[in-house]
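Enquirer: need a structure here:
(2 chains)
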Amino acid sequence: DAKTTQPPSMDCAEGRAANLPCNHSTISGNEYVYWYRQIHSQGPQYIIHGLKNNETNEMASLIITEDRKSSTLILPHATLRDTAVYYCIVRVALSEKLTFGTGTRLTIIP
Amino acid sequence: NAGVTQTPKFRVLKTGQSMTLLCAQDMNHEYMYWYRQDPGMGLRLIHYSVGEGTTAKGEVPDGYNVSRLKKQNFLLGLESAAPSQTSVYFCASSLLGWSNQPQHFGDGTRLSIL
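Expert: Coordinates of the predicted model:
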């Protein structure tokens, strides 16, 4: 699986959009970009994934650059409950495992 | 809809004891996974199953055994617990194993081996 690079920590004001970057410069054409988050000591929560097109769901938006070497997860209106560690993962086709790195610790400031 | 349920949530064992962790999913998923999470190391895949009656090794399988006798259940066993197995264990499931299908996780079992 391709390696990802994320900033170790970020702060965001409550009510503002949180933009979490991820670099995956060695991504291959058949690798999907996934985002998960882990709130406190709970299990990882699936947020969104995409291959090359931008994606949006009820939780977030995923913006993937045209060359696919980086992506940004956008939480449009951050709340205190969005404080968590966010993981960017690239997953090769037919790979069973998800390789979690150390992620970005996002803190929402009241 | 409970999703992925893990039992127990907490357990303390003595070295050499055995135990079984249970994972149950109600989403009719074919694939199930066991991960462990240690501080500063992210999640690592222990074993996984691609369907009822099948199991396969992940990246850290030593000291663990698994069974998938029923589609909805995936059991993780420790035959002789060691302090190095102190960790948080997460179970996950996915509809199939394709890269465009997300894995859904339980809330974990916190296991301490004394």
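
Enquirer: next, count neighbours for residue A:100.
Expert: Neighbourhood size, residue A:100 [other CB atoms under 10 Å in any protein chain shown]: 22. For every residue, glycine as well, the C-beta is placed using N, CA and C.

Enquirer: tell me the SS of it?
Expert: Assigned state for residue A:100: coil (three-state reduction, DSSP: H, G, I helix; E, B strand; the rest coil).

Enquirer: isn't residue A:71 right next to residue A:86, touching?
Expert: No: using CB atoms under 8 Å, residue A:71 is not in contact with residue A:86, being 11.8 Å away.

Enquirer: identify the bridge partners of the residue positioned nearest the centre of chain B.
Expert: Closest to where the C-alpha atoms of chain B average out (CA atoms, centre = their mean) is residue B:34, at 2.8 Å. Here residue B:34 shows beta-bridge partners residue B:47, residue B:91, assigned using DSSP bridges.

Enquirer: any idea how far it is from chain A?
Expert: 11 Å (CB to the nearest CB, to the nearest Å).

Enquirer: strands of chain B, start to end?
Expert: Assigned by DSSP state E, the strands in chain B fall at B:4-7, B:10-13, B:19-25, B:31-38, B:42-49, B:56-57, B:65-67, B:73-78, B:87-94, B:104-105, B:109-113.

Enquirer: tabulate these (a markdown table), appending mean pLDDT.
Expert: What follows is the strands of chain B, written out as a markdown table (pLDDT from 0 to 100):
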| stretch | mean pLDDT |
| --- | --- |
| strand B:4-7 | 96 |
| strand B:10-13 | 96 |
| strand B:19-25 | 97 |
| strand B:31-38 | 94 |
| strand B:42-49 | 90 |
| strand B:56-57 | 93 |
| strand B:65-67 | 97 |
| strand B:73-78 | 97 |
| strand B:87-94 | 95 |
| strand B:104-105 | 94 |
| strand B:109-113 | 96 |
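
Enquirer: so for residue A:44, which of the ones you listed sits nearest?
Expert: strand B:104-105 (4.8 Å; CB to CB).

Enquirer: which stretches of chain A have low pLDDT?
Expert: Scanning chain A for pLDDT under 70 picks out A:1-2, A:92-97.
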